[in-house]
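[1] make a model of this:
(4 chains)
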Amino acid sequence: MLIPVMLGVTFLVYFIISLTPGDAAAMILGNGATEESIKELREEMGFNDPTIVQYANYMKDLLTGDMGTSYSTGKSVAGEIGQRFPNTFKLTFSAIFIAILISIPIGVISATKQYSIFDNAGMIFALIGISMPSFWTGLMLIIAFSLNLGWFPSSGMDGIRSLILPAFTLAIASTASITRTTRSSMLEVVRQDYINTAKAKGVSKKDVIRKHALRNALIPAVTVIGLEFGILLGGAVLTETVFSWPGIGRLMVESIQRKDTPMVLGCVIVFAVAFSVVNLIVDILYAYIDPRIKANYN
Amino acid sequence: MSQKHENENIKGIMDIKKRSQWADIWHHFKKNKAAIVGMMLIVLFVCLALFAPLIGDYQDDALKMNIRERLQSPSADHWFGTDEFGRDIFIRIVYGTRISLFVGIISVSIALSIGGFLGSIAGYYGGKIDNAIMRVLDVILAIPAILLAITIVAALGASIINLMIAIGIANIPGFARVVRAAILSVKDQEYIEAAKAIGAKDHTIILKHVLPNSMAPIIVFSTLKVATAIMATASLSFIGLGVQPPTPEWGSMLAGGRAYIRDYMYIVLYPGLAIVLSVLSLNLIGDGLRDALDPKLK
Amino acid sequence: MLKRLLAISLILVLVLGTLAGCSKPAEPTATEEKPAATEEKAAVSKAEEPKVEVKDEIAIALDSDITSLDPQGHNDTKSEAVSFLLFNRLFRLNTDFEVVPDLAESWEQPSDTEWVIKIKEGVKFSDGTEMTSEDVKFSLERSQGMPKVKHVLAEVESIEIVDKYTVKLTTKSAFAPFLYSLVHAGASILPKAYVESGDEFVNPIGSGPYTFVEWVSGDKVVLEKNENYFDKENMGQTSKITFKVIPEGASRTIALETGEVDVVQALQTMDINKIVDNDDLTLYEEPSTRVDFFAMNNEKAPFDNKLVRQAINYAIDKEAIMIVAIDGAGTAAESVLAPSMLGYKAADYEFNPEKAKELLAEAGYPDGFDMTIWTSGDDRKRIAEIIQSNLMESGINATIEMYEWGTFIDVCMKGEEESLILGWTSNPDPDSTLTPLYYSENIGGMNFSRINNEKLDNLIVSAREELDLNKRIEIYNELHEYIMDEAPIVPLFVKNNVVGANAGLKGVELSPQGLWNIEKIHY
Amino acid sequence: MILNNNILNIEDLVIRYVTEDGIVEAVNGVNIKIEKGKTLGLVGETGAGKTTTALSILKLIPDPPGEVVKGNILLDNIDIMKANESKMEKIRGEVVSMIFQDPMTALNPVITVGDQIAEAIFIHQKVTKKEANNKAKEMLEMVGIPGNRLNEYPHQFSGGMKQRVVIAIALSCSPKLLIADEPTTALDVTIQAQVLELMRELKKKFQMSMLMITHDLGVVVEVCDDVAIMYAGRIIEQGTLEDIFRSTKHPYTEGLFNSIPNIEDRKAKLKPIRGLMSDPYDLPKGCAFCDRCDYQMEICKTKKPEKVYFSDTHFVECHLYNENKDFKLNNGRK
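    Modelled structure (predicted):
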């Protein structure tokens, strides 16, 4: 199912980007280029063909891993993105890891101790967490932990210490929404009959939650984590700008300021591919957790 | 009981039933204190937006610079202090409310009208049309919303109109899915069969029968989406792709104040709080509505 | 239950506010309530003797990434710093901006337009090959073809090889400041074999005091000491130099305070007192020859009309810009060049919005017009916003468009812009600014205002060719008055160079252009 | 406390649920005794408090809404009221275990059937995982399911099969008392008969006593020794099968019998009990059944009826027999 979606994504993005005004050939040649050399390049690069044909050529190259060359640096787009993508990968995965690490326990505990102080606090934290824009949270964390306490560097990327603040900034929003989902799905599961059956078997309170309730509650949580990863990628663009984190999020914003359309195109496609791959992994994980789904697969 | 007396009785019951439907929802909503807090906050923001001219003149207070009063921390005459150009931050936040709410509501209505239209067709007719529309929407969904908005703005150029279009388009799939789901759940009810039986035309069925009954999830979804639209407006403006200076907007105020966060933290604190509170209030109302409209989702 | 919900949410917001709030220091002037962290650190280091272990590598913070490793592929001060470390030129400027020989062994001037220069023997490139006049001829001719630096040697007619180590340069006409043009990074001497190898400067080979290690785009440039550098006295003092890109002004200062970097080349002016108050750091502040200006595209209406340009000169509040942009660390610019330049004569417009409106009405734009301002970088965005607000007072509606540094130069050279904000650093000779910026032939190059004025051209050329110093000064005075009347640009301010560095560092020198002789910096 | 051979002894149990809309008095003063090896049928309409009573035996009443006001429960001479959670965990599954009504949702969908059975064994009997699995296999075969289906998941079983698995789980540690909460209601008739037959065999095999909760008198006849009729949270009549079927005393019990179609007498008109269960939020002062009772008397409205004993096994709570113990019911005709 992934391939047609990817095709659709590349076409959609290519079409949107092609609306960008400005003459690509003139951009590449830089200044001082004569009129003829610009016309010549237009022909050679096929800029005069209709968008569809240009898209076809682009896709042909894309399959061989060549995303064209950047207008501003002249380097290959794929090379530039290849150098920067691991940084975004590191950031987003540590963010989702933190989010899961915090939200699942809080969701479970606040569901099992419903209407307690902990539950209320958990829910308020979740509500506020969702409403906090990642870039503002980043600035606040910089003020608190970098400027005043000096624990973490406020920007750049060298070593683990510089990863902590950006990863937490990105993680807060996702933590909030995963907590809410986990809590509501736990509440749903705890009322099911098989929980009573387990209790009637003499299973301890802790095991009922851990072995019986949690596995069932995780199923909807996993889907949310998949969707949340998409929002995380979006958030990465902003967090990378705040922390000057050299990922493809920041590269994309800079490329827009550079009117470097092939780079913007490359970044968006890589983001979309990453998001779809994660969703695929989530679906597989889904089948692994829920045997009913696995049944109709094989 | 005489015949006349009897149908009065029935009519009475019918009235009670209809009035009570909305009264019941309001009664339920009122009991949810958090939602009331949200309602009060949003009313405050709307008042600020409407009566902004009474609070401060747009030209003189929000835009005009006076360098002498630069970077003053919150004081009696400048409640939130002044920014790097000496402009009153409180008044700029008040006018920022106008932009945020305006863009939020317009972009959601774009997404609702287009998305809703697609969703209702897909839901109502099903089959090949449904499949085709859903596949196209999957493609849009494969790109994280913020990134899609950034790409569109990068292509069309940064202005308030393009911002609204971008955020609107990014939310179309969401609305299409909600409307489609609502219609699917309502479509096979008997009263739709009955309407078809007496030869009602499709669009009347959709408008008169199907849509009113699927209002609940649409209202809830729209409220939550206005919240995310406000967040998106701020995010795009933060990276310079949204509202352009000198128009006061929360996101761009954060971007401008970034360099000063070390000594003049309030420049960044208050616009951020404005974003959080507006988004939080809409989330609270959204949750409250969802609980009131379909209680089983407790 | 929900009453508790409300109470807790209030506490949470308060905690968040106070957590951030308590970090709010008092007024910048009051020093007693300084942020706790730095205070303890300062106190601790004061107690024991500030022993700084001898670090054999230094990190320099840049505000934006270099654009190219090819000395002839860029024309900005950040990339120039790297080029000066990787390559040599025939001559170079010392910290007082006097021309001193670099590769040149000896030179004579047989006639007004001829220069014979002999280079030192045995100068080795980092790949071991020896530098000959072949390389010199190749490099200088290449620079004439490179768009961004073609103005540097535009006056050179021909370059001939006399013998293995001597070249003869002939200029089109008498050119008093000729040696000054040879100090430009664009005139760096490159190994001919390497350039023709087509590596396109991915792993550049040069003769300079440092060799190239790595360039992680958007993050850092790493250079290593060149052990067998030909000029023993000016050897590299530190084994490794890393240029780190930290776009955020506040972050650069913090990186310096936390020791992440050792030198901040472009210190954010608002953090000046932070460096002064901190005993571990030293502030270096020198007047510079850098003029920041607001240029209008004189080819595009309405800026082709002199009255409009003069109106805009009156409309802009330079004092406000000085305060916001550089926190007062500099002097107001009253002409196209810095006051310290030869033949300087002030002829400025005072801030008078009323007069601006009158001139605009006179010029046929009673209710103003729309225009765009292009610039790059956060500092200049603030300047643009002030100009936007000033212009709004006089009825002109300006919108701002932000560009990334590299693209900004490209699009401005193409003349697509209506107006732009830029800075230009020049060496002491006025011609090194006037020719590239205001000479008509350089339209499409550095002449961003695209002014094409015959009288101005003659003044520039005659001044350049006038060998008698006093006469040259008179011509320049007349030129200053004329150009300010034509008002192709609005000079804004002359910023002081402000560099923050670790107190333990020695050999930190500032030239009128900023951090200089970086190879000399060491612990 | 006489040396009773009662496996279960509930005295004067009162349970209520405190909800936002008010207090529901689910159980108000229930007394139940079950002798070892015997099966007691607990009959009553839905909402009479049957399930609440059963859950209280295992102390599984969810405490935020539910509240055991008073009464004490003796299960195999263990005082449930005073037992703490860890003690209860040992009892549940070992001494007493429960079968729930809807087999479709009674099994955990994501864990194999074998594991769900083995889990109980593993908890209560100090055995290794392997032995627990073998025992689980045996249990499966005992309830008539092929042992090799041990590692399949619940969704691969039909309703009847699932109920057999539930029974296998409940009996895996051969409990002394089995509580079955309407075990066959969700099954269609043919499967119902098989399951009841299975339960009767296992009861004999394990010498186990059972509390069968149902609203179906047919099931009572098949399986139970004694019957207790429950209405609005109280036991209004209890006795042996003989007592209840032959000499029905309480009008409500008579009403129950009248609402069963009689195979022999096709033409007989059904005579359902008129009206609805009284609102649990505000139970009437007097007898809860009074406004639906054909034999309604003044006293019924004001005073709660006392227990009238006809034999040491048969009693009824109804004012009809206060003075004249051998009053005869005649299908609602006074």
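[2] distance between stretch D:69-80 and the chain's centre?
    Taking Cα atoms, centre = their mean, to the nearest Å, one finds the center of stretch D:69-80 at 17 Å from the center of the full chain.
[3] next: stretch B:74-85.
    That offset, for stretch B:74-85, works out to 30 Å (Cα atoms, centre = their mean).
[4] is that stretch in proximity to chain A?
    No. Using Cβ under 8 Å from any Cβ of the partner chain, stretch B:74-85 stays clear of chain A, with a minimum separation of 14.7 Å. In this view, the C-beta of every residue, glycine as well, is placed from N, C-alpha and C.
[5] now do the buried residues in that stretch.
    Residues of stretch B:74-85 classed as buried: B:78, B:80-85 (neighbour count, 16 or more other Cβ atoms under 10 Å in any protein chain shown).
[6] narrow these to those in helices?
    Under the assignment DSSP state H, those contribute nothing to helices.
[7] number of nearby residues for D:T302?
    Counted by other Cβ atoms under 10 Å in any protein chain shown, the residues lying close to D:T302 total 11.
[8] who touches it in this structure?
    D:285-286 (Cβ atoms under 8 Å, 6 or more residues apart in numbering or on different chains).
[9] quick one: contacts for the nearest residue to D:G144 once chain neighbours are set aside?
    Spatial nearest neighbour of D:G144, chain neighbours left out: D:R164 (6.0 Å); criterion: Cβ to Cβ, 6 or more residues apart in numbering or on different chains. Shown in contact with D:R164 (Cβ under 8 Å, 6+ apart): D:143-145, D:195, D:198.
[10] could you pull out the strands in the stretch 1-150 of chain A for me?
    Counting by DSSP state E, counting those that start in this stretch, the stretch 1-150 of chain A has no strands to list.
[11] lowest average confidence, helix or strand, in chain C?
    helix C:36-47 (a mean of 37; mean pLDDT, DSSP states H and E).
[12] now swap in chain B and tell me
    Quick look at chain B via mean pLDDT, DSSP H and E: least confident is helix B:3-31, a mean of 60.
[13] tell me the helix or strand right after that one.
    helix B:33-50 (DSSP states H and E).
[14] may I see the buried residues of that next one?
    B:33-39, B:41-42, B:45, B:48-49.
[15] looking at the residues you listed, spot the one nearest chain A.
    Of all the buried residues of helix B:33-50, chain A sits closest to B:A34, with 7.8 Å by Cβ to the nearest Cβ.
[16] excluding chain neighbours, give the residue nearest to that closest one in space.
    Using Cβ to Cβ, 6+ apart, the nearest residue to B:A34 is B:L284, at 5.1 Å.
[17] tell me the angle whichever strand or helix holds that neighbour makes with helix B:33-50.
    B:L284 belongs to helix B:266-293 when assigned by DSSP H and E. Between the axes of helix B:266-293 and helix B:33-50, defined by axes from the mean of the first three to the mean of the last three Cα atoms, to 10 degrees, the angle is 130 degrees.
[18] give me the helices and strands touching helix B:266-293, please.
    helix A:117-131, helix A:134-141, helix B:3-31, helix B:33-50, helix B:89-125, helix B:215-238, helix B:250-257, helix C:2-21 (3 or more Cβ pairs under 8 Å, 6 or more residues apart in numbering or on different chains; DSSP states H and E).
[19] that older thread, now the buried residues of stretch B:74-85 as JSON lines including pLDDT?
    Converted to JSON lines, the buried residues of stretch B:74-85 look like this (pLDDT from 0 to 100):
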{"residue": "B:H78", "pLDDT": "85"}
{"residue": "B:F80", "pLDDT": "88"}
{"residue": "B:G81", "pLDDT": "88"}
{"residue": "B:T82", "pLDDT": "89"}
{"residue": "B:D83", "pLDDT": "87"}
{"residue": "B:E84", "pLDDT": "87"}
{"residue": "B:F85", "pLDDT": "88"}
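[20] now, those residues that are in strands?
    Among the buried residues of stretch B:74-85, no member falls in strands (DSSP state E).
[21] stretch C:344-352 close to chain B?
    No. With Cβ under 8 Å from any Cβ as the criterion, chain B is not reached by stretch C:344-352; the gap is at least 11.5 Å.
[22] who touches residue 279 in this structure?
    If you meant another chain, say so; for now it's chain A. A:N279 neighbours (Cβ under 8 Å, 6+ apart): A:226, A:229-230.
[23] try again with chain D
    No contacts exist for D:D279 under Cβ under 8 Å, 6+ apart.
[24] now do the SS call for it.
    Here D:D279 is recorded as coil under DSSP: H, G, I helix; E, B strand; the rest coil.
[25] just the pLDDT at it, thanks.
    pLDDT recorded at D:D279 is 71.
[26] try D:M1
    41.
[27] kindly report the same for C:T166.
    pLDDT recorded at C:T166 is 91.
[28] cool, A:I98 as well?
    Per-residue pLDDT puts A:I98 at 93.
[29] do the same with B:G251
    So B:G251 comes in at 91 (pLDDT).
[30] let me see the contact set for it.
    Listed by Cβ under 8 Å, 6+ apart, the contact set of B:G251 reads A:133, A:135, B:233-238, B:242-243, B:271, B:275.
[31] could you rerun that using 7 Å?
    B:233-238, B:242 (Cβ atoms under 7 Å, 6 or more residues apart in numbering or on different chains).
[32] for it, give its distance to B:L148.
    18 Å (Cβ to Cβ, to the nearest Å).
[33] and what of D:K129?
    Taken as Cβ to Cβ, the span from D:K129 to B:L148 is 51 Å.
[34] name the residues of stretch C:153-173 that come out as buried.
    For stretch C:153-173, the neighbour count (16+ other Cβ under 10 Å) marks C:153-156, C:159, C:165-169, C:171 as buried.
[35] over to stretch A:184-201?
    Buried-residue list, stretch A:184-201, by 16+ other Cβ under 10 Å: A:184-187, A:189-190, A:192-201.
[36] what is the burial count for the closest residue to chain B within chain D?
    Closest contact between chain D and chain B, by Cβ to the nearest Cβ, is at D:E20 (8.8 Å). By the criterion of other Cβ under 10 Å, D:E20 has 6 neighbours.
[37] do A:I289 as well
    Using other Cβ under 10 Å, A:I289 has 15 neighbouring residues.
[38] same question for B:S113.
    Residues within reach of B:S113, counting by other Cβ under 10 Å, total 13.
[39] so D:C224 sits against D:M212, correct?
    Yes. Contact criterion Cβ atoms under 7 Å: D:C224 and D:M212 qualify, at 5.5 Å.
[40] joint contacts of the two?
    By Cβ under 7 Å, 6+ apart, D:C224 and D:M212 have these common neighbours: D:39, D:41.
[41] of these two, which one has the most company?
    Using other Cβ under 10 Å as the criterion, D:C224 and D:M212 rank with D:M212 on top: 28 against 23.
[42] so C:G507 makes contact with C:Q237?
    Yes. Counting by Cβ under 7 Å, C:Q237 is a contact partner of C:G507 at 6.2 Å.
[43] overlap in contacts, these two.
    Joint contacts of C:G507 and C:Q237 (Cβ under 7 Å, 6+ apart) are C:520-522.
[44] among those residues, who's most crowded?
    Within the shared contacts of C:G507 and C:Q237, neighbour counts (other Cβ under 10 Å) peak at C:I521, which reaches 23 neighbours.
[45] can I see the domain layout of chain A?
    A:2-63, A:78-297 (automatic domain parsing).
[46] C:G507 and C:Q237: who's more crowded?
    C:Q237 (19 against 13).
[47] all good on my end, thank you.
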